[in-house]
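Q: quick one: sequence plus predicted model below, questions after.
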Amino acid sequence: MDILNGLVVFLNFVFIPAAAYGAQLALGALGVTLIYGILRFSNFAHGDTMAFGTAIVILLTWGLQALGVSIFPLPTALLALPLAIALTALLVLGTDRAVYRFYRKQKAAPIIFVMASVGVMFVMNGLTRLLIGVNEQRFDDGARFIIDVRTFREMTGLAEGLALRSTQALTVVLAFAVMVALFWFLNRTRSGKAMRAYSDNEDLALLSGIDPERVVRLTWIIAAGLMVIAGTLYGLDKSFRPFNYFQILLPIFAAAIVGGLGNPLGAIAGGFLVAFSEVAVTYPWVRVVSYIAPWYDPGQGNLMQLLGTEYKFAVSFVILIVVLLFKPTGLFRGKSV
């Protein structure tokens, strides 16, 4: 019975939160790796574009709620997603035409694109703050829990209770569906194959008659979709503040680089690796150990916690540095940074 209680604590505070967070990072890293693999630069405006798209979702959600529209037990935000993706796609396409297209025609070095994306990042950040403000916003309506602690205890008779929030389950299911759809698109459709060909060898793709501007537009549209979905799921699971999306840029880039920049499968693996590492290193394991090994005395005041939760992003930074030093192409042999 003690082992089962320890397992429940592990699922409740480590596995389930890390799985949901990992799915969010994986979607974000997919957008980063798609832009890097095809457009060949690291988009530092990624996090703030996620924030802008999520802000649009929130405003549309509030509008739908005011009209009495809902899809209970699911969050109303799901209804707002398609229009928010379309509006964000228009914004990034406009940004590409106004900023990146000029440097693309000049065949500028990748670092020029990176610095341009930093400027875009500040503009996106300002737009988001003007649009929705800087305060925390919650927009998760619908059913709160699939399993709650009290019901689980009554069903099982265990001392520990398991809570599975609907937003956590929705995150994993929707992220998996998006990943499957993206891989199908890239591997089975003519447009997806054109994008892969352009990524592998730009000159050969141009000789084959592939329209580079069409590939660029498709890349931005798909990346916008991934950014808005990832940002919305992150906001539903936790809460929305524009600054949080600037902070999440580090673990997203860490996930993309760990898996291998330019490698979609690596981005997914990297997202879950970074998420589980962050949660595992910052979680106080004393409760789990007290159930699994009741004879072990960790000592009074010892939480068996390697780092405090305020150092969560430091874990991503360490992982990023280690990978860049020892395996810059990532675990799945992406393109070196």
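A: Received the coordinates, thanks. Numbers count the residues shown, from 1 in each chain.

Q: okay but residue 18 is in contact with residue 282, surely?
A: No - the pair residue 18 / residue 282 is not scored as a contact, 10.6 Å apart, by Cβ atoms under 8 Å. In this view, the C-beta of every residue, glycine as well, is placed from N, C-alpha and C.

Q: now do residue 51: how many residues are near it, please.
A: Residues near residue 51, counting by other Cβ atoms under 10 Å, number 29.

Q: what's the spacing between it and residue 16?
A: 25 Å (Cβ to Cβ, to the nearest Å).

Q: residue 30 now?
A: 22 Å.

Q: kindly report the same for residue 311.
A: Going from residue 311 to residue 16 by Cβ to Cβ gives 22 Å.

Q: who has more neighbours out of these two?
A: Relative neighbour count places residue 16 above the other of residue 311 and residue 16, with 19 against 14, counting by other Cβ under 10 Å.

Q: list the contacts of the more buried one.
A: Shown in contact with residue 16 (Cβ atoms under 8 Å, 6 or more residues apart in numbering): 164, 168.

Q: alpha carbons of the helix or strand hosting it, in CSV - could you do that?
A: Here residue 16 sits within helix 16-39, counting by DSSP states H and E. What follows is helix 16-39, C-alpha atoms only, in CSV (Å, rounded to 0.1, in the frame of the first residue of the first chain):
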residue,chain,number,x,y,z
ILE,A,16,1.6,14.3,-15.0
PRO,A,17,2.8,18.0,-14.7
ALA,A,18,6.0,17.1,-16.6
ALA,A,19,4.1,15.3,-19.3
ALA,A,20,1.8,18.3,-19.9
TYR,A,21,4.7,20.8,-19.7
GLY,A,22,6.8,18.5,-22.0
ALA,A,23,4.0,18.5,-24.6
GLN,A,24,3.9,22.3,-24.5
LEU,A,25,7.6,22.6,-24.9
ALA,A,26,7.6,20.0,-27.7
LEU,A,27,5.1,22.1,-29.7
GLY,A,28,7.1,25.2,-29.1
ALA,A,29,10.3,23.5,-30.1
LEU,A,30,8.7,22.2,-33.3
GLY,A,31,8.0,25.7,-34.4
VAL,A,32,11.6,26.8,-33.6
THR,A,33,13.1,23.8,-35.4
LEU,A,34,10.8,24.3,-38.4
ILE,A,35,11.9,27.9,-38.9
TYR,A,36,15.5,27.0,-38.3
GLY,A,37,15.4,24.0,-40.7
ILE,A,38,13.7,25.9,-43.6
LEU,A,39,14.4,29.6,-43.1
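
Q: check the offset of whatever helix or strand comes next after it from the chain's centre.
A: Once helix 16-39 ends, the next helix or strand along the chain (criterion: DSSP H and E) is helix 46-66. Its chain's C-alpha centre and that of helix 46-66 lie 16 Å apart, by Cα atoms, centre = their mean, to the nearest Å.
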